[in-house]
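> sequence plus the predicted model coming up.
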Amino acid sequence: MSLTALWTSFLKSIASFNGDLSSLTAPPFILSPTSLVEYSQYWGEHPDLLLEPVLMNKNKSSAALLALSERRMIAVTRWFISTLRSQYCSRNESMGTEKKPLNPFLGEVFVGKWPDSSADGALGETTLISEQVSHHPPVTAYAIENKKNNVLLQGYNGVKATISTTMISVKQYGHAVLQFKDLNETYLITLPPLHIEGLITASPFVELEGTSYIQSSLGYLAVIDYSGRGYFSGKKNTFKARIYPDKLASGTKEKAIATISGQWSGKSYIEKGATTPSSSSSELFYDAAKKSPELLVVKPIEEQNELESRKAWQKVADAVRKGDYDSIHEEKTQLENTQRAMRKSEQETGDLWTVRWFDEKDLLGASPGDDPLVSLASLANLSIENVPLGSRSGSKHEKGQALHWRFNEGKWNDEKEILI
Ligand SMILES: CCC(=O)OC[C@H](C)CC[C@H]1O[C@H]2C[C@H]3[C@@H]4CC=C5C[C@@H](O)CC[C@]5(C)[C@H]4CC[C@]3(C)[C@H]2[C@@H]1C
């Protein structure tokens, strides 16, 4: 069957979509050789920006126009914006279009490190651990740690998709918590909704929409609005962010400390206060096209444990790269059957799979001191329930459940088999 015929029949299959992306049999040419469990690395590909708030604190310049704490909030916002190009454009840049990632099996892991890339050794090594903590629904949890500067980014992500005509709309569940332990500062980062455009022209790409938030334990709140082509600026991957002293102030844009706007996959600019920056007269905030991501160092496949993603999917990934559709199907089916058999025997013996490095915490009714999500979501007036985070507290999506995945440092320290 020709590629266009394949794609047309695929678009028809989308029409009867049931909400579970992994259930869609995408045509082989849209398959990625990479498992979704690897996507956690996109949070850490700019270690210098992730650690900037700590490093700036060491060489504080007294002449700083903004208070140091405000500059740290701007630095955290810059780091977050810097992750978006890798998160949402890297497949298009490396493989031509967005692709469907391999659907991780329960317990699939992915680990690696970013060696210190700084001239003066101030950064130190940053490590990533990522684990598929749930298969139905698919949920990936991750922890990115820099011991030298005592910084920990942890989070988890699940998606729910709906199809409207020829658009795949994706709501993201989960959030990230960024802790600068030496500064005693914590940031809650929520995830924007996204949709997949370009399906009709068989060149799918992600576009972000709606609003996401960064809430600092110092009170600062960044409100980030996303839009694509055809909206006010007409350019794809557009965003406008305003940083406020706190949630209350965010109701009045004149109270903004800084306004940042542009393209998260290209150039963005910053102005003090509420003025919308312009590319001609404002200070450059970040240029995503200029700063190449630092790639994660992953040990060779032959040294990997069979639960590690690239080892587990090696035969499927090779078949995808070769476009050998029969082997893709054969190898995928074999892996999926093995997993199904394991789940079945676990059900029979009652010896269910135990998640390796993360715990599921029930935060319903928890008090602010129990978990950063509780204290920071209340500062931002956001729901702590399992709703597309960014929903207001009391939103219609709430159904009385607040189960969240948290990194268990002790379990990772006791890990003997899977090493970075
Ligand atoms: C499944 C039907 C199909 O193959 O459609 C063809 C298209 C490739 C569209 C569907 C897939 O598009 C992929 C894009 C993936 C998201 C990309 C980035 C992120 C950020 C990361 O931090 C968390 C995961 C997330 C949200 C990915 C989730 C899965 C997405 C939507 C893939 C779709 C199956």
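It's in.

> now Asn157: closest residue in space that isn't a chain neighbour?
Nearest residue to Asn157, sequence neighbours excluded (C-beta to C-beta, 6 or more residues apart in numbering): Gly174, at 4.4 Å. All C-beta atoms are positioned from the backbone trio N, CA, C, and that covers glycine.

> got the contact list for that neighbour?
Gly174 makes contact with Val139, Gly155, Tyr156, Asn157, Gly158, Leu191, Leu389, His404, Trp405, according to C-beta atoms under 8 Å, 6 or more residues apart in numbering.

> can you point out the buried residues in the lengthiest helix in the chain?
For the chain, the helix that runs over the most residues, judged by DSSP state H, is helix 68-95. For helix 68-95, burial by neighbour count (16 or more other C-beta atoms under 10 Å) applies to 70-92.

> near the ligand too, which of those?
Gln87, Tyr88 (C-beta under 6 Å from any ligand atom).

> so for the helix or strand where Asp326 lies, mean pLDDT?
Asp326 is located in helix 325-349, with elements delineated by DSSP states H and E. For helix 325-349, mean pLDDT rounds to 93.

> go through the helix or strand that that helix is followed by and flag the buried ones.
Of the helices and strands lying after helix 325-349 in sequence (DSSP H and E), the nearest is strand 358-362. Across strand 358-362, burial judged by 16+ other C-beta under 10 Å covers Phe358.

> so what does strand 358-362 touch, helix or strand wise?
Packing contacts for strand 358-362, counted by 3 or more C-beta pairs under 8 Å, 6 or more residues apart in numbering; DSSP states H and E, involve strand 126-134, strand 403-407.

> including distance to the ligand, could those strands go into a markdown table?
Converted to a markdown table, these look like this (distance: least, C-beta to the nearest ligand atom, whole Å):
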| stretch | distance to the ligand |
| --- | --- |
| strand 126-134 | 10 |
| strand 403-407 | 14 |
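
> just name the most buried of the ones you listed.
Comparing these by mean neighbour count (mean count of other C-beta atoms under 10 Å), strand 126-134 comes out on top with a mean of 24.

> how far does the helix holding Asp326 sit from the chain's center?
Put simply, helix 325-349 sits 27 Å off its chain's centre (C-alpha atoms, centre = their mean, to the nearest Å).

> offset the numbering so it begins at 811, please.
New numbering, starting at 811: the last item is helix 1135-1159.

> just confirm yes or no for it near the ligand.
No: judged by C-beta under 6 Å from any ligand atom, helix 1135-1159 stays clear of the ligand, getting no closer than 13.4 Å.

> other residues contacting that helix?
Contacts of helix 1135-1159 (C-beta under 8 Å, 6+ apart): 838, 841, 915-916, 945, 1122-1123, 1125-1126, 1128-1130, 1162-1163.
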